[in-house]
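Peer 1: Next comes the sequence, and after it the predicted model I'd like to discuss.
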Amino acid sequence: MFKTDTQIAKEHTEQYLDVVYPVMEHFYTIQGEGAHAGRASYFIRTAGCDVNCWWCDVKDSWEEEGHPKLTVRELVKAAKESGAPFVVITGGEPLLHDLLPLTLGLKSAGLQIHIETSGSSPLSGSLDWITLSPKRFKKPTDEVYSNVDELKVVVLTNKDLKWAEENAAKCPEGTRLLLQPEWDTPKSIELIVDYVKENPEWGISLQTHKFLKVP
Ligand code: SF4
């Protein structure tokens, strides 16, 4: 008999419900960036990141210590009760954690699962949409590229455009290709606009949550 992802997850979830994750914050909001920008979604921001981007706007997420440890049961309940159609697992770097327990828990509640990752740690969990945001100074694993749905590269200088091209060459055909200006580097907008006009297979991702003033 055919079983849906939700049915399979329900059969395996009970053992995972008490697993804990360090979580900086979790909240119902509007996805601000990328291919799903503008859609209601539940964000789970795990704590812990070993990538250390200097422009990072969530530096409080870098250390696991000091953040509460929440169970899969608590996170699933909050996400389900919000009414969100999908959950975005972000960080920090969420792949520093084994995401199988959390993603099975969310699946058992019928939720779709997106992840935003630098791809620098091994993939884990049951994921419906993978957004790779690769960083030059801590490169993605080879394994992640074949699973990418969306490549979103933050651009500050011309070097980042070259980095974007190198990454796009490793992603499957049909991957959404997006360039995102770094919020505090206005010159990056000019760079990206010119580049996308010349290379229309790329699109632009803006941090619309910052315009909307939602978290
Ligand atoms: S990978 Fe993300 S969370 Fe980690 S330092 Fe870079 S921007 Fe910040």
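Peer 2: That came through fine.

Peer 1: Spell out which residues of this protein are next to the ligand.
Peer 2: Taking Cβ under 6 Å from any ligand atom as the criterion, the neighbours of the ligand within the chain are 49, 51-53, 56, 58, 61, 91-93, 118, 135. For every residue, glycine as well, the C-beta is placed using N, CA and C.

Peer 1: Give me the PyMOL select line for these, limited to the buried ones.
Peer 2: Buried subset of the residues of the chain next to the ligand, written as a PyMOL selection, criterion 16 or more other Cβ atoms under 10 Å:
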select buried, resi 49+51+53+61+91+92+93+118+135
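
Peer 1: of all the residues of the chain next to the ligand, which comes closest to residue 128?
Peer 2: residue 91 (17.9 Å; Cβ to Cβ).

Peer 1: Let me know the pLDDT of the closest one.
Peer 2: pLDDT recorded at residue 91 is 94.

Peer 1: contacting residues for the closest residue to it other than its chain neighbours?
Peer 2: Excluding the flanking residues, the one nearest residue 91 by Cβ to Cβ, 6 or more residues apart in numbering is residue 46, at 5.0 Å. Taking Cβ atoms under 8 Å, 6 or more residues apart in numbering, we find residue 46 in contact with 21-24, 61, 89-94, 96-97.

Peer 1: Mind doing that once more with 7 Å?
Peer 2: 21-23, 89, 91-92, 94, 97 (Cβ atoms under 7 Å, 6 or more residues apart in numbering).

Peer 1: For these, which two are the farthest from each other?
Peer 2: 22 and 89 (12.9 Å).

Peer 1: what's the neighbour count on residue 136?
Peer 2: By other Cβ atoms under 10 Å, 13 other residues sit near residue 136.

Peer 1: for the longest strand along the chain, packing partners?
Peer 2: Assignment by DSSP state E gives strand 20-30 as the longest strand of the chain. For strand 20-30, the packing partners by 3 or more Cβ pairs under 7 Å, 6 or more residues apart in numbering; DSSP states H and E come out as strand 40-46, strand 69-71, helix 72-82.

Peer 1: quick one: what helix or strand has residue 154 in it?
Peer 2: Per DSSP states H and E, residue 154 falls inside strand 150-155.

Peer 1: quick check: mean pLDDT across that strand?
Peer 2: 96.

Peer 1: same deal with stretch 77-85?
Peer 2: For stretch 77-85, the mean pLDDT works out to 97.

Peer 1: Can you give the distance of that stretch from its chain's centre?
Peer 2: Here stretch 77-85 is found 18 Å from its chain centre; the criterion is Cα atoms, centre = their mean, to the nearest Å.

Peer 1: pLDDT wise, what is residue 1 at?
Peer 2: 60.

Peer 1: Just the buried residues of stretch 189-205, please?
Peer 2: Quick answer for stretch 189-205 (16+ other Cβ under 10 Å): 191-192, 195-196, 202, 205.
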